[in-house]
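Visitor: Below are the sequence and a predicted model; questions follow.
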Amino acid sequence: MIQRIQTVYMALVAVLCSVSLCSTIGRFANETDVVASFTNFCFSTDVKADITGPWPFAVLLIIVLLLTVMSIFLFNHRMRQLRLVVFTTILLVGYLGAYAFIVWLYLQQLASAGVEAHYELAFAALYPVVCIILNCMAIHGIRKDEALIRSLDRLR
């Protein structure tokens, strides 16, 4: 049934992933001005440093978005839906780990280019954390539905 609470959680995950794709997730700044801006698709800076774009972040979020939308419509196959939600949660945890590593790497590359900067986290960078929490709530709802269906099968 598509009107279950886990569908609402997964729809919120899809919306937050979409918003996170389009938003700035952080910036590198020093005391006077912004040195660089950081989004899921690009890293814009005026500094001459050998910095590649963070396009794998965008790919991960697009995969999470597609799998979440696909799992919404798998309400008849709860175990498959559960596996997809668990997989998207693992991808989001990997996204956060890669995010921390890339920020550290960019700080090192900016320092090697002679630029002192610190990282300022944007609010949109916290959306994957909220998505992980919503996925855990969806997993709980899917398991509860599966337990209900199994208990009804025993009564027949």
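Guide: Good, I have the coordinates.
Visitor: Tell me where the protein has helices.
Guide: 5-22, 55-72, 78-112, 127-155 (DSSP state H).
Visitor: of those helices, which approaches Glu31 most closely?
Guide: helix 78-112 (14.4 Å; Cβ to Cβ). For every residue, glycine as well, the C-beta is placed using N, CA and C.
Visitor: If you count neighbours, what's buried in that closest one?
Guide: Buried residues in helix 78-112, counted by 16 or more other Cβ atoms under 10 Å: 78, 81-82, 84-86, 88-89, 91-92, 95, 99, 102-103, 106-107, 109-110.
Visitor: Then stretch 120-129?
Guide: Applying 16+ other Cβ under 10 Å to stretch 120-129 flags Ala122, Ala124, Ala125, Tyr127, Pro128 as buried.
Visitor: Tell me the span between the first and last residue of it.
Guide: 17 Å (Cα to Cα, to the nearest Å).
Visitor: what does that stretch rub up against?
Guide: Contact partners of stretch 120-129, identified using Cβ atoms under 8 Å, 6 or more residues apart in numbering, comprise 16-17, 19-20, 23-29, 61, 92, 95-96, 99.
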